[in-house]
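# when you get a sec, could you give me coordinates for this:
(3 chains)
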Amino acid sequence: MAIRINGAEVEAPEDARVSLLDLLRERVHLTGTKVGCNQGACGACTVLVDGERVLSCLTLAAQVDGRSVTTIEGLAEAEALHPLQAAFIDHDGFQCGYCTPGQICAAAAMLAEVAAGAPSYVTADLTAERVPLTREEIRERMSGNLCRCGAHNGIVDAILQVAAERAA
Amino acid sequence: MSRIQNAIIGSVRTAIGWVPAQWLPGGTPDPLIGRNAVIGRQASRLDGPLKVAGKARFAAEIAMDRLSYAALAHSPITRGRITRLDTSAAEAAPGVILVLTHRNMPRLNPLPLISITDLGAVGNSNLPIMQDQVIRYNGQVVALVVAETQEQADHAASLLEIDYAAEEARTSFHDAKATARVPASILIEKNHLSVGDAERELERSAHHVDEVYRTPGQNHNAIEPHAVTVAWEGEALLIHDATQMIAASANAIGKLFGLKKGQVRVVSPFVGGGFGGKGLWDHQIVAVAAARLIGRPLRLALTREGVYRIIGGRTPAEQRVAIGADPEGTFTALVHTGYSIMPPYGACPEQYTLGSRALYRSKSFEVVQRHLDLDIVPNTFMRAPGEAIGSFALESAIDELAHSMAIDPIELRLRNLPERHPTTGVPFSQHALGQAYRDGMKRFGWERRSATPGMRREGEWLIGMGCATGSFPYARMPGANIRLTLRRDSSATLSCSAQEMGMGTATVQTQHAADRLGLPLDAITFELGDSALPAAPFAGGSSQTASLAGAVVAAADKLAGELLRLAGNDSPLAGLRAGQVRLAEGSVVSIDDPNRRESYGSILSRAAREEITVAAAGSPPIEFLKFAIHSTSAVFCELRVSTVTGEIRVDRLLGSFDCGTILNPKTATSQLKGGMIMGLGLALTEETLFDERKGRIMNASLADYHLPTHLDVPAIDVIWTGIPDPRTPLGARGIGEIGITGVAAAVANAVFNATGQRIRDLPITLDKLW
Amino acid sequence: MNPVEYRRPATADEALTLTGSAGARLLGGGTNLVDLMRKGVERPSLLADVSGLSSLIEPTEGGGLMIGAAARNSAVAAHPLVRAHYPMLARAILAGASAQIRNMATVGGNLMQRTRCLYFADTAGSRCNKRSPGSGCDALEGFNRYHAILGASGDCIAVHPSDMGVALAALDAQIRILSTGGIRVVPLTEFHRLPGDRPDLETALEPGELIVSIELPPSSVAARSAYRKVRDRASYAFALVSVAAGLAVRDGRVEDVRIAFGGVAPRPWRAFRAEAVLLGRPPTTEAFEEAAEAELQDATPLSGNSFKPNLVRRTMTAVLSELAGDDR
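Modelled structure (predicted):
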């Protein structure tokens, strides 16, 4: 088995203590995935495993052996920017840029969750098949990604723009 | 700071008072004010594409051959000594290269403390760093373990066997008040300010308020934890750091390790948030020492807990504010005193009374800060040190007074706005707080506020509005150097060791240079983040943009002179002197006769030069001694309070700012909102839990220290007067810290308006309400 | 973190074999266990990753629902049957942690997660009877705002942090536990032990046992149910207090009711006394408050959480009032 990272196969480390986050940053040198707390409290290390957003700091690399991992470096095709990446620039959805890859990965997965009809804590009607993507829905669904510079408004605006483009 | 310093500052101010204003820097307004092209326009961050793609490399992300990894061990006791230290198990653990303790740590002098009078001093603490077995605060570094992998280093650190003999420690804020110290100065202000007899005026005032306001400790919590990647090559030292003070750190570390100037290079092109916390602390020093001992590159990335243990935050404080007013609401007495922690080995005085000295007229003033000495990691500068919490106390008190007098709180403030600086008497450079309030009221819909608390209700929610004033002084730092290279193809590169922590440093200075040189934006490159470049001051005190702008002004002036010299007698410019030309449209242009001009390309071609380079430093920043230069703001908040649970939800927040020219509305809006959001945290959720029984921080994690989440942050509105400051480069004043000031009071005042409950103890958690 | 071996058993039986060895711990999503290993609270030498075992969510013959222990929290919350028939469970799960963590966390792991007491997590600097039996409890006189007012002891005042578990307690969930001897079933309300003088013993799960699934019986109150969580920030924080409740009203009287509290006790706290007070009574505010008082009569608030009884009473009354809606 192997871990597929942005399409390339990487062997799981021998030391079972190595987290997916450390595998990415220190061994594969994909440093776009950030370490903010290393304890599942900030979301900076968010990556996609088989398309779902998870925290790479609390995921042992061994746990994703045989699975597919997408990081910020693999989100877009080749050198192009993913629509969310472009929208984050347009709406100034970051300042220092450190929580940004995690926010963008989380947002990408979040839009897929909404498209699949998954509710959130603030969804009024849990049985509705389609969840209206309000600012409040985005804010609740993105609350696992902390930002200390205070780029929250720009992040929500960027996500709304991409959602609107997709709906169009 | 010392009494001597008071005397020096005082005499300089007196002397400066005799100098005509036009002789000072800023005496003639920056000619760029009003004819800017790129400045003032929306511009996306130039480093945006790197940041969103995960390609911006931060300090812990530099790959190196034979890189080793380090982990720290911290003292779990607060005061005492190490009595037994057994490193054998750690040393025997797989992959371990070095265990560094006070036994084998090189002997080093303490760092000189950060000082206003010595800009080369950058220590946040002047305690010895792993030099002896003495424990001086809980969390102090006692060992560093280096191994082949991070996992091995972390594990080996857990195998250290250390016994301690604990001694009684000073950990009680309350108890320490009995032996509080009264420092002579707070930064460059004389600490004790007494005008008239404020206590007597208070007693006989028609209306008064006299209350105590408490704020807890807080931590910066930049999402990037502190980290260094260090490599020695012989006597040359390379440090990839996350720092707000690149040049000064390089200088200080060089001195500490006995290196020559130029042997230390600090590189820090991206910093994942600083807010005052990313200075020089113990971790850089032990990492540098360990890397030298092992002869290999080394990475030390602090754990989140490690950041709490060895990087100080904002001190807790207890402030008394008393205001007396006559029947018309004119202030007759303003008292602002209080206690905060500042151990003798720390550097930050938490200047919470500065706003009270500068914002309102009063017949009398009594202002003094007292410092407590506890055994703790030294507290430091955290976004708007002083003003963030000082404005909570002052602006809550004004709201209380307004309510007791049945006057609109904005009206009460407007009645007491000063014409000149209320305690020094010097003129303001520019001051439009009244306009900021009027603009803000209109935009926010202040008229919908009910003067009587508890009147607006929707379902279980009570709704209230509040407002408060924010303020922050202008600063421009000395020692800002720029190297400017202009090429024949009319492109230019500006270089200095400035810092980028998310403010958009390069973006805004690129805009500035484009206008200053009369070139398009894409012709300019701005290099920063490297101590090998000409030295720039630290990023702090909301000063970096003004400091760099002053240096760019000086470099452009020098460039104009050099270009005139190169142009010589065959140019339409022949005979003109430096003061008679300006740089515009890619050319040197006569001010009196704009038809007399020559392009940069033409001048350089004729002189057979590919490029020309000048280096210059900004003028000494003495403008602030002659003028009171302050940014101010009016902050408005609307929120809901649940009558069931006491939960608070902020629905609207507006900041109306008077802070000079806005250089880039896009990045400025973000920075101002960012400050305001940190203000929401200060108001509602943030608190460092310091267990006084142990002297230990108990919530050293992002799970237990509550930063605002997306759901806590409403859509925020930001507006500004945009009036240029005639005394500053570009007419701009700093905006990095003004955003947080006033927010906590606006929130607390809105909570009062919603519920009738006055909370004087931050954060306003739900249990304080019902 | 200590060196550790990682294994991924292919079957439940294989997992049972592994759990029998000394130093073995079952690994679900790892969202709590990995963190505690880094902190040195947990020091297993073997991790048996059971997150690939049964994650099925399917209706039972009796009209209930069976949830595999390895089902992800997010999958349970998004499941159409859960959303339609057990809204309090969906809402409780969605109130917990963040979307990323809910994608990782398993139902079994959620029940096995450990307290977030600050002193429990602080291996270097604090005493804790749960982590180190007999060492003392620094929370008793320390920061105990988040701690228990019900079911605690002089040795331990920690709370169980689960949101999902609170809804499961209210829904009479049954935990199916596998050992080499076969399956045994434990009601969720009895699964977590009260601390007494052994706070280190936390659940009914014995060494060599494995949670395989959670069974939800059919319920007359589940379809009309709610979960309300009260916390220090709007999202991504543990509960100060939470209330799960389901209510059935017939002819103006409470026909059936289920109530459970989170954030107040060492286990998801089923409010049996409050339910007993309400049965057969008109669903009035007064009745709800009286029921809350009955449940809270043995409450023992601490120095830092004297607000909790009142907050429980108010929140419970509000939740039930909203459920009663037009029926009163």
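
# what mean pLDDT does stretch B:122-140 get?
In this model, stretch B:122-140 carries a mean pLDDT of 97.

# ends of that stretch, how far apart?
Taking Cα to Cα, to the nearest Å, the first and last residues of stretch B:122-140 lie 19 Å apart.

# what comes up buried for that stretch?
For stretch B:122-140, the neighbour count (16 or more other Cβ atoms under 10 Å in any protein chain shown) marks B:122-130, B:133, B:135-140 as buried. All C-beta spots, glycine's among them, are computed from the backbone N, C-alpha and C.

# ok, how many other residues are close to residue 83?
No chain in the question, so chain A it is. Neighbourhood size, A:Pro83 [other Cβ atoms under 10 Å in any protein chain shown]: 18.

# switch to chain C, that's the one I care about
C:Arg83 has 22 neighbouring residues, counting by other Cβ under 10 Å.

# which ones are touching it?
Neighbouring residues of C:Arg83 by Cβ atoms under 8 Å, 6 or more residues apart in numbering or on different chains: A:Pro119, A:Leu126, A:Thr127, C:Ala77, C:Ala90.

# still on that earlier bit, which ones among the buried residues of stretch B:122-140 lie within strands?
Taking DSSP state E, the ones among these that sit in strands are B:Ile135.

# biggest separation within the buried residues of stretch B:122-140, which pair?
B:Val122 and B:Gln133 (26.7 Å; Cβ to Cβ).

# backbone dihedrals for whichever residue of the stretch 451-600 of chain B sits closest to chain C, please?
Nearest residue of the stretch 451-600 of chain B to chain C, counting by Cβ to the nearest Cβ: B:Glu460, 6.8 Å away. Per-residue torsions, B:Glu460: phi -80, psi 0 (degrees, to the nearest 10).

# list the contacts for B:Ser571?
B:Glu598, B:Ile603, B:Arg606.

# so what's the second one closest to, chain neighbours aside?
Spatial nearest neighbour of B:Ile603, chain neighbours left out: B:Ala567 (4.9 Å); criterion: Cβ to Cβ, 6 or more residues apart in numbering or on different chains.

# from B:Gly601, how far off is that neighbour?
12 Å (Cβ to Cβ, to the nearest Å).

# for those two, work out which one has more neighbours and name it.
When B:Ala567 and B:Gly601 are compared for neighbours, B:Ala567 comes out ahead with 21 against 15, by other Cβ under 10 Å.

# tell me what the helix or strand the more buried one falls within is packed against?
Secondary structure from DSSP states H and E places B:Ala567 in helix B:544-567. The elements that helix B:544-567 packs onto, with contact taken as 3 or more Cβ pairs under 8 Å, 6 or more residues apart in numbering or on different chains; DSSP states H and E, are strand B:481-487, helix B:505-517, strand B:581-584, strand B:587-590, helix B:600-606, strand B:611-617.

# mean neighbour count, these: which tops it?
Ranked by mean neighbour count, the helices and strands packed on helix B:544-567 are led by helix B:505-517 with a mean of 25 (mean count of other Cβ atoms under 10 Å in any protein chain shown).

# what's that one packed up against?
Applying 3+ Cβ pairs under 8 Å, 6+ apart, one finds that helix B:505-517 contacts strand B:492-495, strand B:524-527, helix B:544-567.

# hang on, the earlier thing: return the member of the contacts of B:Ser571 nearest to chain A.
Nearest to chain A among those, with distances taken as Cβ to the nearest Cβ, is B:Ile603, at 36.8 Å.

# I'd say the closest one and B:Val588 touch.
Yes - under the contact definition of Cβ atoms under 8 Å, B:Ile603 touches B:Val588, with a separation of 6.9 Å.

# hey, what's in contact with both of those two?
B:Leu563, B:Ala567.

# re earlier: nearest to chain A among the buried residues of stretch B:122-140?
B:Gly139 (17.1 Å).

# you'd agree that closest one is up against B:Ile310?
Yes - look at B:Gly139 against B:Ile310 with Cβ under 8 Å: they come within range, at 5.8 Å.

# would you confirm that the residue of the stretch 451-600 of chain B closest to chain C contacts B:Val641?
No - under the criterion of Cβ under 8 Å, B:Glu460 makes no contact with B:Val641, lying 9.4 Å away.

# looking at the two, which one has more neighbours?
The residue with more neighbours, out of B:Glu460 and B:Val641, is B:Val641; 26 against 16, by other Cβ under 10 Å.

# any idea how far chain A is from the more buried one?
Per Cβ to the nearest Cβ, to the nearest Å, B:Val641 is found 18 Å from chain A.

# the helix or strand hosting B:Arg370 - contacts with which helices or strands?
Using DSSP H and E, the element containing B:Arg370 is strand B:364-372. On a contact count with 3+ Cβ pairs under 8 Å, 6+ apart, strand B:364-372 meets strand B:193-195, helix B:198-203, strand B:331-341, helix B:354-358.

# give me the sheet partners of the third one and which way each runs.
Partner strands and pairing direction for strand B:331-341 (DSSP bridges) are strand B:317-325 (antiparallel), strand B:364-372 (parallel).

# what of the first one?
When pairs are called by DSSP bridges, strand B:193-195 turns out to pair with strand B:364-372 (antiparallel).

# stretch C:43-61: end-to-end distance?
Taking Cα to Cα, the first and last residues of stretch C:43-61 lie 41 Å apart.

# and that stretch, which residues are buried?
For stretch C:43-61, by 16+ other Cβ under 10 Å, it's C:Pro44, C:Leu46, C:Leu47, C:Ala48, C:Asp49, C:Val50, C:Ser51, C:Leu53, C:Ser54, C:Ser55, C:Ile57.
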